[in-house]
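Chemist: what's the 3D shape of this:
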Amino acid sequence: MELPAYDAILLTGGGARRMAGLAKPGLDVGGRPLAVRVAGAAAGADQLVVVGPPHGVLADVVTREEPAGSGPVAAIAAGLARVRAGYVAVLAADLPFLDPAAVTALRAATAGHDLALLVDDAGRDQLLCAVWRTASLAAALDAVPVHAGAPVRALLAGVPDVVRRTVATPDGPPPWFDCDTPADLDRARRWT
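Modeler: Below you'll find the predicted structure:
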């Protein structure tokens with residue numbers, strides 16, 4: 001089955017409070033910055049929009065939320081302003097094991113739906129590892145006040161058609177694993 005074209009928004013900003021202020025997307029896992037690893041998972045995107053510092057990512061567009069540091073909802077809105085395709089992947093830059101197969105699975109799951117979310121092995125939604133129908137994301141953003149600290153979960157409030165997918169990697173670390181703390185980063189480095 002041929003999937004429709006998509007763009008990708010890669011979120012590389014954030015305060016990294018749990019990482020002692022270190023910019024997570026620039027941290028090395030397996031010889032590459034986290035942001036570069038995640039960008040590789042979206043290699044099939046027509047356009048890669050990086051919101052925040054590029055951290056070595058070769059992006060089609062680099063932009064920033066206004067004001068800088070105002071949170072992921074504002075960053076998603078800034079990225080969406082540059083999206084042209086009918087579908088868009090929204091990805092956090094701290095997912096070292098996200099791969100093209102996981103993104104493709106989400107894209108396939110989005111067919112006929114508003115949104116497909118990656119779900120971890122405990123059943124938690126990975127809100128920043130998702131593929132949206134672009135019009136649905138725009139409508140969700142219109143319904144949420146884009147201000148500093150607006151929670152990403154608020155975007156789901158008015159979305160009636162969400163598909164959740166658990167994507168497993170048979171011989172490797174899970175694609176939903178994110179590096180939020182130094183312990184997570186150490187674990188990711190051991191896995192590579």
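Chemist: okay, CA-based contacts and neighbour counts for the rest of this
Modeler: Will do.
Chemist: who are the packing partners of the worst-scoring helix or strand of the chain on mean pLDDT?
Modeler: Least confident helix or strand, the chain: strand 162-165 with a mean of 89, by mean pLDDT, DSSP states H and E. Applying 3 or more CA pairs under 8 Å, 6 or more residues apart in numbering; DSSP states H and E, one finds that strand 162-165 contacts helix 100-110, strand 115-119.
Chemist: show me the shaky parts of the chain.
Modeler: For the chain, the stretches with pLDDT under 70 are 15-16, 18, 147-148, 168-170.
Chemist: mind listing the strands for it?
Modeler: Ranges of strands in the chain, per DSSP state E, are 6-11, 28-29, 32-33, 48-51, 61-63, 87-92, 115-119, 125-133, 162-165.
Chemist: the residue nearest to residue 162 when sequence neighbours are not counted: neighbouring residues, count only.
Modeler: With sequence-adjacent residues excluded and distances taken as CA to CA, 6 or more residues apart in numbering, residue 162 is closest to residue 115, at 4.9 Å. Residue 115 is flanked by 27 other residues according to other CA atoms under 10 Å.
Chemist: could you do residue 105 as well?
Modeler: 16.
Chemist: closest to the centroid, which residue in this protein?
Modeler: residue 91 (0.9 Å; CA atoms, centre = their mean).
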